[in-house]
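Visitor: no FASTA, just this:
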């Protein structure tokens, strides 16, 4: 039997605030265990939480950026469950009255744009962290993360493949980084997601039983876990089995998902309104203020790159995939504005290839936009050929020189004098009279051979366009 895949993601974004959500403790990563805590985030009896206004501000920004309705008032609730990293025995979260509702965002997969619904975005506190490894058979708990502010974005079950799920997570990460409300660091868990996946027979409207995969912290793991789970659930159903509603974990070393626990229903958490926090009122003036603060967002920037620079949808989508990459490209184009497409090709091709090879991010790129712009300018004005440009790029990368300084120092200026080009072509034709006769006899494919020989003789410095023009003329003169 064939099945349709149904996927929904819950994306958790740790906010880049100076203090936690309900107290004045620092949320900064990397401190010694249990050093960034106080009676409030430790859940001591009798303490009262105080809501961090910056968290609400970030929630409004995220909601506006994803076309949500901003709810006022919105309400905090207590979500009850017992786990060692949750000292109060409940998590302060939002349930039926979240700050943001009914939004959407668009993803690009295989050249097609698809709108994914966003059920809600809500504010909540993070739990602590249980520590098991290297502790001689015992477990410890680090509560530095308890009370760290989170936004959780819950998608509609609109995703239909692992590729769409990865594209969605990348887009959500991109948005919060553009907004400056989350650094998107997945290795540290500052952005992670839970994936809900189910299968249903093709043609069936009702959803199948969903399985949740917890705390996916890389795009690669998300894709692999979903692909594995599709195969596992397909096999269970085809063998007449039943899918169990449960939470599973991805074991990256073994490449499998493993059962963690039975999946709770909403009523299992015994949600109730948080009595220590008043409903959050958000005025129209506050919303308008946030609208004015919003930066140019990924979709708007992508559309502008298409119209202003004449780029394809694919190219514009790649270049705006991170704010840093978009800024680098645009600074390069501003330094030399006569070839935005050529600049795009160099940024997406040679530059990103070298950065990936070196394990370097674009914001730490050792080649400045001005240096790359100088290289593109040298190609466009005919100073060097595209082939020689790769040599120049390699010598320029990681230095403080300009492209022209490298070109002149290495003697790489392109030869564009017709007389000099003729002087390169003539010996090639004289040395291959049999091939000249064959070409004149109708074997047109030999033209590429002659071009190659001339370029080889010039060490790649002959102007390719001029070589083609003069070669045709000199061959014709021998006919």
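Guide: Here it is on my side, so go on. Only a predicted model underlies this, so the values are computations on that prediction, with no experimental measurement involved.
Visitor: only C-alpha atoms from now on, for both contacts and neighbour counts.
Guide: Fine.
Visitor: elements contacting the strand ranked longest in the chain?
Guide: The single longest strand within the chain, with elements called by DSSP state E, is strand 112-125. Counting contacts by 3 or more CA pairs under 8 Å, 6 or more residues apart in numbering; DSSP states H and E, the secondary-structure elements packed against strand 112-125 are helix 53-65, strand 90-94, strand 100-109, strand 149-155.
Visitor: give me the contact list for whatever helix or strand comes next after it.
Guide: Counting by DSSP states H and E, the next helix or strand C-terminal to strand 112-125 is strand 129-131. By CA atoms under 8 Å, 6 or more residues apart in numbering, the residues outside strand 129-131 that reach it are 84, 85, 139, 140, 141, 142, 143, 145, 146.
Visitor: what sits against the most centrally placed residue in the chain?
Guide: Residue closest to the mean C-alpha point of the chain, counted by CA atoms, centre = their mean, is residue 170 at 4.0 Å. Listed by CA under 8 Å, 6+ apart, the contact partners of residue 170 are residue 219.
Visitor: and the pLDDT at it?
Guide: Per-residue confidence (pLDDT) for residue 170: 95.
Visitor: just want the phi and psi numbers for it.
Guide: phi -60, psi -40 (degrees, to the nearest 10).
Visitor: can you check residue 243 too?
Guide: Main-chain torsions, residue 243, degrees, to the nearest 10: phi -80, psi 130.
Visitor: buried set for the longest strand of the chain?
Guide: 116, 117, 118, 119, 120, 121, 122, 123, 124, 125 (16 or more other CA atoms under 10 Å).
Visitor: and which of those residues is nearest to residue 69?
Guide: If you rank the buried residues of strand 112-125 by distance to residue 69 using CA to CA, residue 120 comes first, at 9.1 Å.
Visitor: residue 156 versus the closest one, what's the distance?
Guide: The spacing between residue 120 and residue 156, counted by CA to CA, to the nearest Å, is 9 Å.
Visitor: any stretches of the stretch 1-150 of the chain with poor pLDDT?
Guide: 134-135 (pLDDT under 70).
Visitor: could you rerun that using 90?
Guide: By pLDDT under 90, the low-scoring segments of the stretch 1-150 of the chain are 1, 29-30, 81-84, 110-111, 130-140.
Visitor: same check on the stretch 301-450 of the chain?
Guide: 381-382, 384-388, 410-418, 420-421.
Visitor: ok, now with 80
Guide: 414-415 (pLDDT under 80).
Visitor: just the helices in it please.
Guide: For the stretch 301-450 of the chain, the helices defined by DSSP state H, counting those that start in this stretch occupy 313-319, 323-335, 340-346, 352-358, 369-380, 386-396, 403-410, 418-430, 433-440, 446-457.
Visitor: for the last one, buried residues please.
Guide: Using 16+ other CA under 10 Å as the test for burial, helix 446-457 gives 447, 450, 451, 454, 455.
Visitor: OK, contacts around the fourth one?
Guide: Neighbour list for residue 454: 424, 425, 428, 462, 467 [criterion: CA under 8 Å, 6+ apart].
Visitor: can you rerun that using 7 Å?
Guide: By CA atoms under 7 Å, 6 or more residues apart in numbering, the residues touching residue 454 are 424, 425, 428.
Visitor: show the pLDDT at it.
Guide: 91.
Visitor: identify, from the buried residues of strand 112-125, the entry nearest to residue 253.
Guide: residue 125 (30.3 Å).
Visitor: how near is that closest one to residue 324?
Guide: From residue 125 to residue 324 the distance is 29 Å (CA to CA).
Visitor: tell me the SS of residue 470?
Guide: Under the three-state scheme (DSSP: H, G, I helix; E, B strand; the rest coil), residue 470 adopts helix.
Visitor: could we number from 49 for the rest of this?
Guide: I'll keep to 49 as the first residue from here, and by that count the last item is residue 518.
Visitor: how close does the closest residue to it other than its chain neighbours get to residue 516?
Guide: The shortest distance from residue 518 to any non-neighbouring residue, by CA to CA, 6 or more residues apart in numbering, is to residue 470 (6.7 Å). Residue 470 sits 11 Å away from residue 516, going by CA to CA.
Visitor: also residue 275?
Guide: 50 Å.
Visitor: in contact with residue 201, which residues?
Guide: 58, 59, 60, 168, 169, 170.
Visitor: output those residues as TSV; include the columns distance to residue 149.
Guide: Shown next, in TSV, are the contacts of residue 201 (distance: CA to CA, whole Å):
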residue	distance to residue 149
58	14
59	15
60	16
168	4
169	6
170	9
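Visitor: so which of those residues would you say is closest to residue 304?
Guide: residue 58 (20.8 Å).
Visitor: which residues touch the residue nearest to that closest one when sequence neighbours are not counted?
Guide: Spatial nearest neighbour of residue 58, excluding adjacent residues (CA to CA, 6+ apart): residue 202 at 4.5 Å. Applying CA under 7 Å, 6+ apart to residue 202 gives the contacts 57, 58, 59, 166, 167, 168, 169.
Visitor: again, but for residue 105
Guide: So residue 105 contacts nothing (CA under 7 Å, 6+ apart).
Visitor: run the last query once more with 8 Å
Guide: Contacts of residue 105 (CA under 8 Å, 6+ apart): residue 338.
Visitor: so after the helix or strand where residue 306 lies, what's the next helix or strand?
Guide: Using DSSP H and E, residue 306 maps to strand 304-310. Next along the chain after strand 304-310, taking DSSP H and E as the criterion, comes strand 320-321.
Visitor: paired strands for that next one, with orientation please.
Guide: Strand 320-321 has the following strand partners under DSSP bridges: strand 124-128 (antiparallel).
Visitor: ok, back up a step: neighbour-wise, give me the winner out of the contacts of residue 502.
Guide: The most crowded member of the contacts of residue 502, judged by other CA atoms under 10 Å, is residue 473 (23 neighbours).
Visitor: quick one: that residue and residue 519 touch, right?
Guide: Yes - the criterion here is CA atoms under 8 Å, and residue 473 meets it with residue 519 at 6.7 Å.
Visitor: would you report the backbone torsion angles of residue 230?
Guide: Dihedral angles (degrees, to the nearest 10) for residue 230: phi -150, psi 140.
Visitor: how many neighbours does it have?
Guide: 22.
Visitor: wait, it sits on residue 103?
Guide: No - in this structure residue 230 lies outside contact range of residue 103 using CA under 8 Å: 11.1 Å.
Visitor: hey, what's in contact with both of these two?
Guide: When CA under 8 Å, 6+ apart defines a contact, the residues bordering residue 230 and residue 103 alike are residue 63.
Visitor: out of the contacts of residue 502, who's nearest residue 411?
Guide: For the contacts of residue 502, the nearest to residue 411 is residue 472 (44.1 Å; CA to CA).
Visitor: quick one: contacts for that closest one?
Guide: By CA under 8 Å, 6+ apart, residue 472 lies in contact with 502, 505, 506.
Visitor: closest to residue 420 out of these?
Guide: Distances from residue 420 to the contacts of residue 472, taken by CA to CA, are shortest for residue 506, at 25.1 Å.
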